[in-house]
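Participant: Got a sequence here, can you build the structure:
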Amino acid sequence: MRIILAASLLAIAVAGCSSGKPAASNEGVAAPAVAPTKASNWAQFRDGFVEGWFKLDPANAVYQGRHDFDGQLPDWSAAGLKRQSEFLHQAIDRARAFGDGDLAPQEKFERDYLIRVAEGKLFWLDDADQPHSNPAYYVGGGLDPNVYIARPYADAPTRMKALIAFLQRVPAAAGNIRANLKTPMPRSFVDYGVAGFNGFADYYVGDAKTAFADVADPALQDQLTQAATAASAAMRDLGTWLSGQRANATGDFALGADRFQRMVRATEGVDTSLDALEAAGRADLKRNQDALAAACKLFAKGRTIPECIDKMNANKAADGPVAEARRQIPVLRAFVVKNDLVSIPGTEEAKVEESPPYNRQNSAYIDPAGPYEKNIPSVYYISPPDPAWDQKTRDAFVPGKKDLLFTSIHEVMPGHFLQFLHANRSRSMFGRIFVGYAFAEGWAHYTEEMMWEAGLNKGDAETHVGQISNALLRDCRFLSAIGLHARGMTQEQSLQMFREQCYQDEGNSRQQAARGTYDPAYLNYTLGKLLIRKLREDWTASRGGREAWKAFHDQFLSYGGPAIPLVRQQMMGEPEAKAVF
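Facilitator: Reported below is the predicted structural model:
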């Protein structure tokens, strides 16, 4: 799923873009002040944090549906990055000044939630120093104008004006990115950045322009052409420069054990030792490997595990995965309703489309509607194979029907799409805006096994192989993240683990091993799943077991998207927020 996490994702009115000139940026503006720390002012402080952060990170505001920020980009200059850091440090200090005795229970929860969000952002900004070390900070942090194109939140001319304003800012942003990124950098970072920046270059003058071809306003069309051409050239120059760094690229991508441990603590509130984390991941890997062996004895008797996986994946939809996913979603929704698994609020829809070329580093993801938007469809994107791969690798990358089924569960029903239906209705706007990595990906991954446990396809062995294949992928992400960043694992060893222990195809294994170098937090799929499964076990133990699943799911999702230890503290009435596996 596309969640703006490591890189952060006010006010320019869309009508103000019609002149074709960039509106004033936020460069040079002091860090927004945060409200005084008085008990009666908690709501003012919290809302001031949100508005202050949106001013510093307007791309995030737009992604959340705050279209008064349309057309803006974060200030990635040295001064702009410094303002972000100062704002977050100040917010943490002032939030901590609100004592438990000064706040109602909901306010205490929001205080702890806010501190965790700010500490997580500071980790990526300061400790990991991603603005200076990792192109992923920018590729995922605001350069994507898809919100103006894919979300029909306003008429086409209005969104076109926003896109023009956005594109006019890209050359300056590219200059800051070039100034910030330090070389030499890891080869996988270079490859990711080149693909991302060149993909944006193509997108700006390609699909982004084509989306507004029917707007009958010659002046706007001319402005769009000029802005898109300049933005594309800036991204192409950035991609060309980065490509030139391949000759000096390194393999030095690891955070190191201590910093990796700080990452898990700062971003997800998990204090568990690396040894204990690794042991939990290996136990889940073994559990799923054993389940796969049993399922394959039924589905592909006499064949090896890889042959069993190949048999499952050979059952592909003749008209492709996008068409197949469109058929799967209503079936999954009906299953959720019939089995009373979780509430489905609202009438929103999830569309299914092929992912754009600039964003194919993962096989599938969803772009959910923001909490400030109404009646806007979310889009579930499925990636085609890389045309540079050989035919065998391309064919293997296209998922089989049952593999795709659990991707559709993960991304749409009852995974991310349903989770964001709930998050967007959270009682706290803070919970609607700040949805964490482990909460979102943990929930989506948890639902895959939960749907199988609830009886999806009535014990069909092929379906079970598809479910376990997806679970093993996430197990290898978990162990690869720890291995790559804390245990000296090489990218080649990670690829080998995905192939040999988690039975992934060659193309997916290449992608996943590379992703682990620049996305060390992708352990959060399995981390979140394990935390949720244990919380469900503990919470439902005194509430009827399986009969309480729906109540558990609804309450869990009601919090928005905080660190899961905070949810456990609330649901179990525990004195401290802690991670329990």
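
Participant: Against M497, how distant is N362?
Facilitator: 18 Å (CB to CB, to the nearest Å). (Glycine included, C-beta is placed from N, CA and C.)

Participant: And P58, by the same measure?
Facilitator: Following CB to CB, the distance that separates P58 from M497 is 40 Å.

Participant: the more surrounded of these two?
Facilitator: Set P58 next to M497 and count neighbours by other CB atoms under 10 Å: P58 wins out with 29 against 22.

Participant: Just give the closest residue to the more buried one, not the sequence neighbours.
Facilitator: Spatial nearest neighbour of P58, chain neighbours left out: Q72 (3.6 Å); criterion: CB to CB, 6 or more residues apart in numbering.

Participant: who does the least confident helix or strand in the chain by mean pLDDT touch, helix- and strand-wise?
Facilitator: Least confident element among the helices and strands of the chain, by mean pLDDT, DSSP states H and E: helix 391-397 (a mean of 88). Judged by 3 or more CB pairs under 8 Å, 6 or more residues apart in numbering; DSSP states H and E, helix 391-397 is in contact with helix 506-518.

Participant: So which bits of the helix it packs on are buried?
Facilitator: For helix 506-518, the buried set under the neighbour-count rule, 16 or more other CB atoms under 10 Å, comprises 506-518.

Participant: That one packs against which elements?
Facilitator: Under the contact definition 3+ CB pairs under 8 Å, 6+ apart, helix 506-518 sits against helix 187-205, helix 391-397, helix 461-486, helix 491-500.

Participant: Report the distance from the following helix or strand past that helix to the chain centre.
Facilitator: Next helix or strand after helix 506-518 toward the C-terminus (DSSP states H and E): helix 524-540. In terms of CA atoms, centre = their mean, to the nearest Å, the centre of helix 524-540 is set 19 Å apart from its chain centre.

Participant: which ones are touching A208?
Facilitator: A208 makes contact with P145, I149, L163, L167, A228, according to CB atoms under 8 Å, 6 or more residues apart in numbering.

Participant: give me the element the last one is part of.
Facilitator: Using DSSP H and E, A228 sits in helix 218-243.

Participant: picking up where we left off before, deepest-packed of the helices and strands packed on helix 506-518, please.
Facilitator: helix 461-486 (a mean of 25; mean count of other CB atoms under 10 Å).

Participant: the inter-axis angle of that one versus helix 187-205?
Facilitator: Counting by axes from the mean of the first three to the mean of the last three CA atoms, to 10 degrees, helix 461-486 points 110 degrees away from the direction of helix 187-205.

Participant: What is the nearest of the contacts of A208 to P399?
Facilitator: Nearest to P399 among these: I149, at 26.0 Å, using CB to CB.

Participant: and that closest one, what does it touch?
Facilitator: R159, L163, D207, A208, A211 are the contacts of I149 under CB under 8 Å, 6+ apart.

Participant: do E448 as well
Facilitator: Counting by CB under 8 Å, 6+ apart, E448 has contacts F406, I409, H410, G415, Q467, N470, A471.

Participant: check contacts around the last one.
Facilitator: Residues touching A471, when contacts are defined by CB under 8 Å, 6+ apart, comprise D284, N288, H445, E448, E449.

Participant: okay, the nearest residue to R187 once chain neighbours are set aside: pLDDT?
Facilitator: Nearest non-adjacent residue to R187, counting by CB to CB, 6+ apart: A249, 3.9 Å away. Per-residue pLDDT puts A249 at 98.

Participant: Tell me the spacing between A249 and N134.
Facilitator: In terms of CB to CB, A249 sits 13 Å off from N134.

Participant: so what's in contact with these two at the same time?
Facilitator: M185, F189.

Participant: So for whichever strand or helix holds T267, mean pLDDT?
Facilitator: Using DSSP H and E, T267 falls within helix 257-268. Mean per-residue pLDDT for helix 257-268: 98.

Participant: any idea of the angle that helix forms with helix 461-486?
Facilitator: 120 degrees.

Participant: from here on, count from 29
Facilitator: With 29 as the first residue, the last one maps to helix 285-296.

Participant: domain ranges for the chain?
Facilitator: 29-38+53-156, 159-280, 291-600 (automatic domain parsing).

Participant: so how far does the longest one reach from one end to the other?
Facilitator: With CA to CA, to the nearest Å as the measure, domain 291-600 spans 25 Å from end to end.

Participant: Could you check which of A277 and N162 is surrounded by more residues?
Facilitator: A direct count of neighbours by other CB under 10 Å for A277 and N162 places N162 higher, at 26 against 17.

Participant: Quick check: the more buried one touching K210?
Facilitator: No. The pair N162 / K210 is not scored as a contact, 10.1 Å apart, by CB atoms under 8 Å.

Participant: mind checking the SS state of I394?
Facilitator: Secondary structure, DSSP: H, G, I helix; E, B strand; the rest coil: I394 is strand.

Participant: Distance of V595 relative to A294?
Facilitator: Counting by CB to CB, the gap from V595 to A294 is 17 Å.

Participant: P334 now?
Facilitator: In terms of CB to CB, P334 sits 39 Å off from A294.

Participant: Those two: which has the busier surroundings?
Facilitator: A294 (21 against 13).
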